[in-house]
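J.: below are the sequence and a predicted model for it; my questions follow.
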Amino acid sequence: MKHTKIKDLLNSTKPIDDVTVKGWVRTFRNNQFLAINDGSVIHNIQAVVDFENTAPETLKRLTTGAAVLIKGSLTESQGAGQKFEIQAKHLEILGDSDAEKFPMQPKKHSLEFLRENAHLRVRTNVFGAIMRVRSVLSFAIHQYFQEKGFVYVNTPIITGSDAEGAGEMFKVTALAFDGTPRNEEGKVDYKADFFGKETNLTVSGQLEAETYAMALGQVYTFGPTFRAENSNTSRHLAEFWMVEPEVAFNDLDANMDLAEDFIQYVIKYTLDKCPDDLAFLNQRLADEEKTKPMAERSELGLLEKLNFVLENNFKRVSYTEAIEILRNSKPNKNKKFNYIIDEWGADLQSEHERFLVEKHFKCPVILFDYPAKIKAFYMRLNDDAPAERQTVRAMDILFPGIGEIVGGSQREERLDVLQQKIADLGIDEKELWWYLDTRRFGTAVHSGFGLGFERLVLFVTGMTNIRDVIPFPRTPQNAEF
Ligand code: ATP
Ligand code: MN
């Protein structure tokens with residue numbers, strides 16, 4: 001039996017005689033007004049039930065969460081709040097939902113409670129909106145790169161290289177849990193393992209993507225990434241999705257231009273395609289802000305924040321300038337920061353990043369030219385920096401409310417410099433033979449970055465906890481569902 005999506009019915013330009021709707025009951029008022037949602041749009045459609053001609057047993061089963069089929073006519077609504085409603089002529093309960101037991105009651109639930117019911121939370125307005133926005137954002141990402149002629153590359157999820165250096169890894173093994181067999185030295189004998197070597201879940205597809213950029217020119221990855229980092233924050237997941245473009249012949253400036261243009265494009269795309277969901281999330285955030293003390297409220301609403309990012313260039317600031325700003329800042333002098341900045345070379349904590357973005361510049365910031373010591377080995381060494389203040393062509397993009405959303409760099413294209421760096425870190429060059437081949441055969445300037453997809457979804461939806469923007473979050477001590 002063909003049914004029409006509620007989104008299409010609500011967008012109808014005229015009444016329609018015969019329509020069929022399938023969806024889930026949100027509320028049932030006065031034994032007459034049934035609000036149904038089918039996930040196609042944030043709004044419910046109201047079905048007016050002919051209660052006098054409906055069996056009382058059936059009416060009793062119209063409880064929140066029940067799956068229903070309604071046939072009737074789409075008519076202009078008399079009531080306020082909707083343009084169209086359905087005069088129900090036929091009503092079927094497809095699946096009952098015990099009102100006493102269904103956890104998603106028609107009332108406001110806390111986000112913590114909803115997290116514990118991640119399989120049902122998507123039936124709420126908030127999570128329906130977030131997940132539709134997430135879907136549109138991921139399509140926008142593909143659209144942006146495809147329009148620009150980038151090639152989508154699928155880098156491996158199980159990797160044999162443990163030199164990516166982006167974070168703690170999850171081991172992949174088919175060996176017995178007790179780690180047998182062992183070799184002569186009493187260590188786990190990975191030669192006997194499935195792949196004949198130690199393997200891990202990927203923390204980044206960058207190194208593999210670089211090899212593809214050196215043939216296809218412009219490539220991007222968009223896939224799951226895993227980090228066994230025990231940082232229980234509102235911005236870290238153990239399993240998250242990352243977008244990693246890599247472009248041959250791009251220097252760091254071109255890399256910054258790309259990142260900025262890309263982020264603005266996907267936000268614009270989503271503003272255009274998701275007006276209803278974003279209006280709803282804008283209101284949700286405004287309501288949440290009202291519960292906070294005045295001093296903690298953000299100056300801009302969600303839609304204002306998104307438009308601000310479209311209309312303003314990201315501020316580009318060198319690490320050295322940023323350190324000066326931080327050193328002279330009030331929270332540094334008053335010892336309000338947990339980590340006091342007193343020396344060039346210090347790694348920036350999220351409190352510092354957020355100070356720069358939210359208090360000092362009040363706009364997205366691109367920090368570049370970081371100390372070589374605190375960044376990965378593959379980043380290009382600046383030749384003009386003094387020996388005791390060596391810097392690399394790294395860039396991090398910092399966003400209000402989020403902190404780091406992008407990390408990227410121009411890559412070291414000179415074989416000898418890269419080999420020296422690898423040796424200094426005590427990494428065995430043999431581990432990276434294939435990576436070094438890109439520098440042996442036709443090396444060229446190239447750059448790329450990684451954007452954490454969930455951090456982007458956080459920003460666009462105005463949510464504050466990363467666990468609320470991925471369907472089934474994986475975090476320390478939590479792999480339910
Ligand atoms: P952070 O300092 O916030 O931990 P990072 O320096 O480890 O980030 P990168 O290794 O540069 O991050 O990864 C690229 C991007 O991936 C980051 O800018 C961020 O948007 C995202 N990201 C990194 N770690 C996580 C995580 N555990 N959960 C979600 N997103 C992440
Ligand atoms: Mn990290």
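T.: Done, it's in. Ligands and ions are numbered 1, 2, ... in the order given.
J.: next, the distance between the ends of stretch 43-59.
T.: 23 Å (CA to CA, to the nearest Å).
J.: kindly report the same for stretch 418-431.
T.: 14 Å.
J.: what does it contact?
T.: Applying CB atoms under 8 Å, 6 or more residues apart in numbering, the contact partners of stretch 418-431 are Ser161, Asp162, Ala163, Phe377, Tyr378, Leu381, Glu412, Leu432, Leu436, Arg439. All C-beta atoms are positioned from the backbone trio N, CA, C, and that covers glycine.
J.: among those residues, which are located in strands?
T.: In this view, those have no member that belongs to strands under DSSP state E.
J.: least confident pick among those?
T.: Among these, Ala163 carries the weakest pLDDT, at 61.
J.: low-confidence ranges, this structure, go.
T.: By pLDDT under 70, the low-scoring segments of the chain are 1, 162-166.
J.: go again using 80 as the cut-off
T.: Low-confidence segments of the chain (pLDDT under 80): 1, 80-81, 161-167, 177-180.
J.: mind listing the helices for it?
T.: 6-10, 56-60, 111-116, 125-147, 206-216, 252-273, 275-290, 302-311, 319-327, 330-333, 350-354, 415-424, 433-440, 453-461 (DSSP state H).
J.: out of the contacts of stretch 418-431, the closest to Glu304 would be?
T.: Checking these against Glu304 by CB to CB gives Tyr378 as the nearest, at 38.3 Å.
J.: hang on, the closest one packs against Glu412?
T.: Yes. If you go by CB atoms under 8 Å, Tyr378 and Glu412 touch, sitting 5.8 Å apart.
J.: okay, now the sheet partners of the longest strand seen in the chain, with direction.
T.: Ranked by residue count under DSSP E, the longest strand found in the chain is strand 16-29. Its sheet considered, strand 16-29 pairs with strand 33-37 (antiparallel), strand 67-76 (antiparallel) by DSSP bridges.
J.: distance between the last one and the chain's centre?
T.: If I follow you right, that is strand 67-76. Computed by CA atoms, centre = their mean, to the nearest Å, the chain-centroid distance of strand 67-76 equals 37 Å.
J.: how about that strand: buried residues?
T.: Residues of strand 67-76 classed as buried by neighbour count (16 or more other CB atoms under 10 Å): Ala67, Val68, Leu69, Ile70, Lys71, Gly72, Leu74.
J.: sort out which one of those residues lies nearest ligand 1 for me.
T.: Nearest to ligand 1 among the buried residues of strand 67-76, counting by CB to the nearest ligand atom, is Ala67 at 34.5 Å.
J.: now do the same contact list for the closest one.
T.: Contacts of Ala67 by CB under 8 Å, 6+ apart are Lys22, Gly23, Trp24, Val25, Ile93, Leu94, Gly95, Ser97.
J.: out of the contacts of stretch 418-431, which end up buried?
T.: So, by 16+ other CB under 10 Å, the buried ones in the contacts of stretch 418-431 are Ser161, Ala163, Phe377, Tyr378, Leu381, Glu412, Leu432, Leu436, Arg439.
J.: and the gap between Val247 and Ala254?
T.: 7 Å (CB to CB, to the nearest Å).
J.: hey, what's in contact with both of the two?
T.: Ser447.
J.: more crowded one of these two?
T.: More crowded of Val247 and Ala254, by other CB atoms under 10 Å: Val247, with 22 against 15.
J.: ligand 1 versus the more buried one, what's the distance?
T.: Distance of Val247 to ligand 1, computed by CB to the nearest ligand atom, to the nearest Å: 16 Å.
J.: also Gln283?
T.: Between Gln283 and ligand 1 the distance, using CB to the nearest ligand atom, works out to 27 Å.
J.: pretty sure Asn338 contacts Phe355?
T.: No. The criterion here is CB under 8 Å, and Asn338 misses it with Phe355 at 11.8 Å.
J.: quick one: which of the two has more around it?
T.: Each of Asn338 and Phe355 has its neighbours counted (other CB under 10 Å); Phe355 has more, 24 against 10.
J.: quick one, what contacts Leu278?
T.: Leu278 neighbours (CB under 8 Å, 6+ apart): Ala129, Val133, Thr270, Leu271, Leu302, Leu303, Leu306, Val460.
J.: let me know the closest of those to ligand 1.
T.: Nearest to ligand 1 among the contacts of Leu278, with distances taken as CB to the nearest ligand atom, is Val460, at 13.4 Å.
J.: now stretch 328-338: how far from the chain's centre is it?
T.: 31 Å.
J.: swap in stretch 227-234?
T.: So, by CA atoms, centre = their mean, the centroid of stretch 227-234 is 15 Å from its chain's centroid.
J.: can you tell me how far the closest residue in space to Lys71 that isn't next to it in sequence is from ligand 1?
T.: For Lys71, ignoring the flanking residues on the chain, the nearest one in space by CB to CB, 6 or more residues apart in numbering is His90 at 4.0 Å. Relative to ligand 1, His90 is positioned 48 Å away (CB to the nearest ligand atom).
J.: try Ile130
T.: Ile130 sits 16 Å away from ligand 1, taking CB to the nearest ligand atom as the criterion.
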